[in-house]
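Trainee: sequence and predicted structure below; questions after.
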Amino acid sequence: MDPHFFLAPPGQALRLAEHDPAYTGAFTDEEQIQERMRETCGRLRQYQDMLLAQESHALLLIFQGMDASGKDETIQAVFSHLDPQSCQAFGFQKPVGEELRHDFLWRFIRRLPERGKIGVFNRSYYEEVLSTRVHPERLEEQHLPAAIPRDDSLWRQRFTQINHFEQYLTQNGIGVVKFFLHVSKTMQKKRLLERLEQPQEQWKFSMDDVEDRGRWDEYRHAYEEAMSATSTEGAPWYIVPADHRWFSALAVAEIVAARLEALELRYPPLKDADREQMAAAKKRLESE
């Protein structure tokens with residue numbers, strides 16, 4: 001699977017209508033991808049181990065999408081195969097309390113992954129140009145200075161700030177990969193109904209999800225503008241078809257594996273002093 005197929009090309013206007021949320025490529029069902037998923041996750045585990053050993057890079061993975069696009073399920077399907085000690089996953093809700101008294105990036109900066117680790121953001125600072133844009137009344141909670149505009153120029157300003165922030169991260173060895181899980185309105189309805197009808201899903205229900213569904217077009221427009229403005233060479237967006245969760249998981253796993261492979265990770269070479277210590281340790285253990 002070519003990761004570039006899902007890439008939102010930097011510098012180009014994005015139209016979600018041109019991307020099929022039900023796309024599954026050459027696969028027709030989940031059984032067909034199981035062996036490939038195991039192989040891809042095996043490679044991921046090896047790359048993760050070298051990432052931790054080398055301790056010079058980190059990887060930040062951002063997951064965005066409409067409600068019920070399958071962010072939780074995709075993250076679980078991919079990262080349950082990895083070493084949890086080397087992953088740092090955070091889910092972000094609407095800011096409250098102290099978070100509202102800081103700039104909009106502050107709470108996310110605090111959760112950036114350490115070198116050698118993979119960080120996962122389930123929703124992210126992009127909510128500040130997505131849900132906040134669709135619900136501009138939330139700006140009143142942010143204690144913004146009067147000089148900061150409350151019109152479309154605010155979002156353009158934030159796009160620029162995000163691009164600068166992500167450039168800073170990549171220049172400091174923190175790779176940024178962003179996934180938009182692209183679900184159809186029909187599939188979203190089906191999944192929201194499942195939340196209402198299935199006991200094991202009911203805990204996920206929020207009336208806000210239903211209310212936001214009524215603003216589907218507004219969210220689509222906000223996503224298109226945000227991704228068009230912030231998909232860059234260093235921090236690209238990938239539009240992942242999300243009507244079939246099993247395909248979303250495979251696509252994400254292969255994109256992450258390709259990104260880690262591009263780092264050309266290696267286990268750190270041993271120094272002469274290390275070799276001497278290892279030889280001494282081996283001799284001591286074998287003499288017991």
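Mentor: Yes, it's here.
Trainee: look up which residues are beta-bridged to the residue lying closest to residue 236 once chain neighbours are set aside.
Mentor: Closest residue in space to residue 236, ignoring its immediate chain neighbours: residue 7 at 5.8 Å, by Cβ to Cβ, 6 or more residues apart in numbering. Placement of C-beta: from N, CA and C, glycine included. On the basis of DSSP bridges, residue 7 is bridged to residue 238.
Trainee: which pLDDT value goes with residue 7?
Mentor: On the pLDDT scale, residue 7 is placed at 97.
Trainee: was I right about it contacting residue 235?
Mentor: No: taking contacts as Cβ atoms under 8 Å, residue 7 lies outside contact range of residue 235: 11.9 Å.
Trainee: more neighbours: those two, which one.
Mentor: Counted by other Cβ atoms under 10 Å, residue 7 and residue 235 do not tie: residue 235 has more neighbours, with 22 against 14.
Trainee: which residue ranges form the helices in this protein?
Mentor: When assigned using DSSP state H, the helices of the chain occupy the ranges 34-54, 71-79, 106-109, 131-134, 152-171, 185-197, 207-213, 216-230, 245-262, 272-286.
Trainee: return the most buried member of those helices.
Mentor: helix 245-262 (a mean of 22; mean count of other Cβ atoms under 10 Å).
Trainee: now the angle from that helix to helix 34-54?
Mentor: Helix 245-262 and helix 34-54 meet at an angle of 40 degrees, taking axes from the mean of the first three to the mean of the last three Cα atoms, to 10 degrees as the criterion.
Trainee: could you list the alpha-carbon positions for helix 245-262 in CSV?
Mentor: Presented in CSV, the C-alpha positions along helix 245-262 are these (Å, rounded to 0.1, in the frame of the first residue of the first chain):
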residue,chain,number,x,y,z
ARG,A,245,-12.3,0.2,10.6
TRP,A,246,-10.2,-2.8,9.6
PHE,A,247,-8.9,-0.9,6.5
SER,A,248,-8.3,2.3,8.6
ALA,A,249,-6.1,0.3,11.0
LEU,A,250,-4.0,-1.2,8.2
ALA,A,251,-3.6,2.1,6.3
VAL,A,252,-2.5,3.9,9.5
ALA,A,253,-0.1,1.0,10.5
GLU,A,254,1.6,1.1,7.0
ILE,A,255,1.9,4.8,7.0
VAL,A,256,3.5,4.9,10.4
ALA,A,257,5.8,2.0,9.4
ALA,A,258,6.9,3.9,6.3
ARG,A,259,7.6,7.1,8.3
LEU,A,260,9.7,5.2,10.9
GLU,A,261,11.5,3.3,8.1
ALA,A,262,12.4,6.7,6.5
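Trainee: got the contact list for residue 282?
Mentor: Contact analysis of residue 282 by Cβ atoms under 8 Å, 6 or more residues apart in numbering lists nothing.
Trainee: mind checking how far it is from residue 128?
Mentor: According to Cβ to Cβ, to the nearest Å, residue 282 stands 55 Å off from residue 128.
Trainee: residue 200 now?
Mentor: Taking Cβ to Cβ, one finds residue 200 at 32 Å from residue 128.
Trainee: neighbour count winner among those two?
Mentor: Higher neighbour count among residue 200 and residue 128: residue 128, with 23 against 8, using other Cβ under 10 Å.
Trainee: is the more buried one in contact with residue 104, as I believe?
Mentor: Yes: using Cβ under 8 Å, residue 128 is in contact with residue 104, at 4.5 Å.
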